[in-house]
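J.: take this sequence and fold it.
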Amino acid sequence: MSTELEEKIKSSLVEGKLPCAVAFKIAKELKVSPREVGKAANKLAIKISNCQLGCFP
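T.: This is a model prediction of the structure:
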């Protein structure tokens, strides 16, 4: 997991969680897959919120 991805996730939290739409935005900005963002969030013990597509566990 890249430090840049980790820092981007941490700086984008809303009430301790990462909103789904923001996770997709991070993936696009850093040119990684949404799954990679989800894996990084899991490693950081951060939950994805407001996910209606079921893309993130």
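J.: what are the ranges of the helices in the protein?
T.: Counting by DSSP state H, the segments of the chain that form helices are 3-11, 20-30, 34-43.
J.: so where's this structure uncertain?
T.: For the chain, the stretches with pLDDT under 70 are 1, 52-57.
J.: switch to 80 and redo it
T.: In the predicted model of the chain, residues 1-2, 51-57 satisfy pLDDT under 80.
J.: buried sites along stretch 11-27?
T.: Residues L13, L18, P19, C20, V22, A23, F24, I26, A27 are the ones in stretch 11-27 that count as buried (16 or more other Cβ atoms under 10 Å). Any C-beta I mention is one placed from the backbone N, CA and C, and that applies to glycine too.
J.: quick one: which of those is nearest S2?
T.: S2 lies nearest to I26 out of the buried residues of stretch 11-27, by Cβ to Cβ, at 11.3 Å.
J.: touching, the closest one and I9? I think so.
T.: Yes: in this structure, I26 is within contact of I9 by Cβ atoms under 8 Å, at 6.6 Å.
J.: show me the common contact partners of those two, please.
T.: Any residue near both I26 and I9 by Cβ atoms under 8 Å, 6 or more residues apart in numbering counts here, and that gives V37.
J.: format the helices of the chain as a markdown table; extra columns: distance to N50.
T.: Shown next, in a markdown table, are the helices of the chain (distance: least, Cβ to Cβ, whole Å):
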| stretch | distance to N50 |
| --- | --- |
| helix 3-11 | 15 |
| helix 20-30 | 5 |
| helix 34-43 | 13 |
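J.: which of the ones you listed sits closest to C51?
T.: Distance to C51, taken as Cβ to Cβ, is lowest for helix 20-30 among the helices of the chain, at 3.8 Å.
J.: next one: the nearest residue to C20 once chain neighbours are set aside from E4, what distance?
T.: Nearest residue to C20, sequence neighbours excluded (Cβ to Cβ, 6 or more residues apart in numbering): C51, at 3.8 Å. Relative to E4, C51 is positioned 23 Å away (Cβ to Cβ, to the nearest Å).
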